[in-house]
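> coords please:
(one chain, ligands or ions: 2)
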Amino acid sequence: GLSAAAALSRRVPVTGAELASALPLPPAFEVPLPLPSVLKPVTTSGGVDRYEISQREVSLEILPGVRTPMWTYHGTFPGPTIEARRGRPITVTHRNELPVPTVVHLHGGRNTPDSDGYPTDLVLPDGWPAPAHPMHGMAGMTDPRAVVTRLTRDYTFPMDQRPALLWYHDHRMDFTAPAIWRGLAGLQIVRDDAEDSLGLPAGPRELPLAITDRAFDADGGLRYPALDPTLREQPGVHEAYLAGVLGDVILVNGAPWPVHEVDAVRHRLRVLNASNARHYELEAVTDDGRRLDLVQVGADQGLLEAPVTHQFLPIAPAERYDVVIDFAGVPVGSLVRIVNRLGSGRTRDVMAFRVARKAADDSRVPRTLSTDLPTWRRSDAVRVRDFSFRAGRVHGGHGWLIGGLPFDPARPDVTVRLGDVEVWRLVADVHHPVHLHLAGFRVLSRGGKQPLPHDAGLKDTVSLRPGESAEIITRFDGYRGRYLFHCHNAEHEDMGMMANLEIV
Ligand code: C2O
Ligand code: CU
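Numbers count the residues shown, from 1 in each chain. Ligands and ions are numbered 1, 2, ... in the order given. Here you go, the predicted structure:
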């Protein structure tokens, strides 16, 4: 319960200390909102779209007039967006031109195990010594099952799944958090004809919004407790890392507190929390203090059955919300601010929309959005499993455990049968957003009660609040092989809070 969480919080911080940037920060709502470019396939023959992404270090202008060296997918942050169609497979050739090994995971994808980005399936850069067995920073463990490539790797995704906003990001064992912080994240959108025909706001009125926080050093570089992996072993760094790293600059699509001009009509916001550890509760507030409705049409894994109206939306790391907001009735020339109710000072502001002009609105939000959502019932489950997500000892230091154990690629944790429905009961000490690879799930209960309104739909990440428990239900459907579940506080994940899921 809460007292356990309180006891724990005396030993480890529940939320990380926010890092302060060491240079002047720009005013809010002046930088225009960038929209990530859409990547063009290099070929489309044989029913497969082929893409190429080079992972490379470039210097980007994140803060106006400041150069920030970042690790990027194809030279931008976020990386380029991949637009996919349901049922049409894609292959992405990633080329690692960074100074460290990388692993790509398509988050929310119904991926085959060989392309799921298992944390030891490394892509080594040119010149990186080939380990006899792939090795791991913290533990020196080996993983004989790892498939290691040099320089490039082809990831193939069937895209046999509901339309949804997915994202791809680094997933290297023990080093995911610093790699994402440095910039290794991008969007992938799956669409189909049924969704296209609904009449939801589209074209320039559909906006992907990837929200992150960062902090900057005086020289413009990203500030982080240990951006150099070798520093991770130094005293103090481990502790700074433990709760999850927060920055004092809020970025949307890589721009600080941006502003975007809109017509006074409905817009569809595809919101992703791509932050390492920061939680948000988003609300839309007009200049005269009015709160606009946030009409949720989709969750992590695509459309809801029917829209759900919220006054504010809690969003944990890795969660996505598909939200329609109507700017009709907002005076032309005024701002609608997107505010994080959990922030303070400058981290309260996220971004703003400037309502530029009246316009005709041909969009609609149908009362029925989709009819193909799975409706598993408790009685369908062949098994109930319990997992605790708690702080504990990892290799002699503080870390994070699932069911009392830190991640070990060589240890099978959970074996499930393909096609089985299971209920998992999850309990947390502090805030843990729990993510399951491959299988979308539904939230059955939260804190022993009905799920909350924002738990609606098909999810792949559920935000457990401090001391809270939740039950999820899913059918392990898709492919046999080795997958994962883990906390998506990226630092918790790196510090042990991950487990193997074997589908047989
Ligand atoms: Cu978003 Cu296992 O990851
Ligand atoms: Cu966690």
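> Phi, psi for the residue of the stretch 201-350 of the chain found nearest ligand 2 please.
Ranked by CB to the ion, the top residue of the stretch 201-350 of the chain for proximity to ligand 2 is Gly244, at 7.2 Å. Backbone N, C-alpha and C define where each C-beta goes, glycine included. Backbone torsions of Gly244, given as degrees, to the nearest 10, read phi 110, psi 140.
> which parts of the stretch 401-504 of the chain sit against ligand 2?
Residues of the stretch 401-504 of the chain found near ligand 2 (CB under 5 Å from the ion) are His432, Cys487, Asn489, His492.
> The second one and Pro406, how far apart?
Spelled out, that is Cys487. 12 Å (CB to CB, to the nearest Å).
> quick one: contacts for whatever residue of the stretch 201-350 of the chain ends up closest to ligand 1?
Here the residue of the stretch 201-350 of the chain nearest ligand 1 is Ala318; by CB to the nearest ligand atom that distance is 4.9 Å. Ala318 makes contacts with His107, Trp167, Leu272, Asn273, Ala274, Pro433, His435, Asp460, Thr461, His488, as judged by CB atoms under 8 Å, 6 or more residues apart in numbering.
> can you list the residues you listed in a markdown table and add secondary structure, neighbour count and pLDDT?
Putting these into a markdown table (DSSP: H, G, I helix; E, B strand; the rest coil; neighbours: other CB atoms under 10 Å; pLDDT from 0 to 100) gives the following:
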| residue | secondary structure | neighbour count | pLDDT |
| --- | --- | --- | --- |
| His107 | strand | 24 | 98 |
| Trp167 | strand | 25 | 99 |
| Leu272 | strand | 26 | 99 |
| Asn273 | strand | 27 | 98 |
| Ala274 | coil | 26 | 98 |
| Pro433 | strand | 25 | 98 |
| His435 | strand | 23 | 98 |
| Asp460 | coil | 27 | 98 |
| Thr461 | strand | 23 | 98 |
| His488 | coil | 28 | 98 |
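> Within reach of ligand 1, which of those are there?
His107, His435, His488 (CB under 6 Å from any ligand atom).
> which residues of the chain score low on pLDDT?
Flagging of the chain using pLDDT under 70 yields the residue ranges 1-16, 131-141, 226-240.
> Near ligand 1, which residues of it are found?
His105, His107, His169, His171, Ala318, His435, His437, Leu484, His486, His488.
> Now for the first one: which residues touch it?
Spelled out, that is His105. Asp116, Gly117, Tyr168, His169, Asp170, His171, His437.
> before we move on, the earlier item: among the residues of the stretch 401-504 of the chain next to ligand 2, which are in helices?
His492 (DSSP state H).
> Among the residues of the stretch 401-504 of the chain next to ligand 2, which one sits closest to ligand 1?
When these are compared against ligand 1 (criterion: CB to the nearest ligand atom), the nearest one is Cys487, at 9.5 Å.
> so what's the closest one closest to, chain neighbours aside?
Met497 (4.0 Å; CB to CB, 6 or more residues apart in numbering).
> separation between that neighbour and ligand 1?
11 Å (CB to the nearest ligand atom, to the nearest Å).
> What degree of burial does that residue show, as a neighbour count?
27 (other CB atoms under 10 Å).
> so who does it touch?
By CB under 8 Å, 6+ apart, the contact set of Met497 is Phe389, Gly399, Trp400, Leu401, Ile402, Pro406, Phe407, His432, His486, Cys487, Asn489.
> Kindly recompute the last result at 10 Å.
Contact analysis of Met497 by CB atoms under 10 Å, 6 or more residues apart in numbering lists 389-392, 394, 399-402, 405-407, 432, 434, 485-489, 491.
> so which strand or helix has the residue most central in space within the chain?
For the chain, Ala318 is the residue whose C-alpha lies nearest the centre (CA atoms, centre = their mean; 2.3 Å). If you go by DSSP states H and E, Ala318 is not part of any helix or strand.
> Which residue, other than its chain neighbours, is closest to it?
Among residues not flanking Ala318 along the chain, His488 sits closest, at 3.9 Å (CB to CB, 6+ apart).
> Isn't the one you found up against Arg320?
No - at 11.7 Å, His488 does not count as touching Arg320 under the criterion of CB atoms under 10 Å.
> Find residues that contact each of the two.
His107, Asn273, Asp460, Thr461.
> Who are the contact partners of the third one?
Which is Asp460. 107-109, 164, 166, 299-301, 318-320, 434-441, 472, 474, 485, 488.
> hmm, back to that, buried members of the contacts of Met497 into PyMOL, please.
To isolate the buried members of these in PyMOL, using 16 or more other CB atoms under 10 Å:
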select buried, resi 389+390+391+392+394+399+400+401+402+406+407+432+434+485+486+487+488+489+491
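> Roughly how far does Phe396 sit from Gly496?
No, residue 396 isn't Phe; it's Gly. The value you get for Gly396 to Gly496, if CB to CB is used, is 12 Å.
> So between these two, which is more surrounded?
Set Gly396 next to Gly496 and count neighbours by other CB under 10 Å: Gly496 wins out with 27 against 7.
> Give the bridge partners for the closest residue to ligand 1 within the stretch 101-250 of the chain, please.
Across the stretch 101-250 of the chain, the shortest distance to ligand 1 (CB to the nearest ligand atom) belongs to His107, at 3.4 Å. His107 forms beta bridges with Trp167, as assigned by DSSP bridges.
> Assess the claim that it and His169 are in contact.
Yes - the pair formed by His107 and His169 meets the contact definition of CB under 10 Å, at 6.3 Å.
> so what sits against both of the two?
Gly117, Ala185, Ala274, Ala318, His488.
> Output those in a markdown table; the columns should cover distance to Thr286.
Converted to a markdown table, the shared contacts of His107 and His169 look like this (distance: CB to CB, whole Å):
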| residue | distance to Thr286 |
| --- | --- |
| Gly117 | 42 |
| Ala185 | 31 |
| Ala274 | 27 |
| Ala318 | 30 |
| His488 | 32 |
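> And those, which two are furthest apart?
Largest separation among the shared contacts of His107 and His169 by CB to CB: Gly117 and Ala274, giving 15.9 Å.
> What ranges does the stretch 1-150 of the chain have for its strands?
Along the stretch 1-150 of the chain, the segments classed as strands by DSSP state E, counting those that start in this stretch run 18-19, 49-60, 68-73, 79-85, 90-96, 104-107, 123-124, 149-150.
> closest to Pro158 out of those?
Judging these by CB to CB, what sits closest to Pro158 is strand 90-96, at 8.7 Å.
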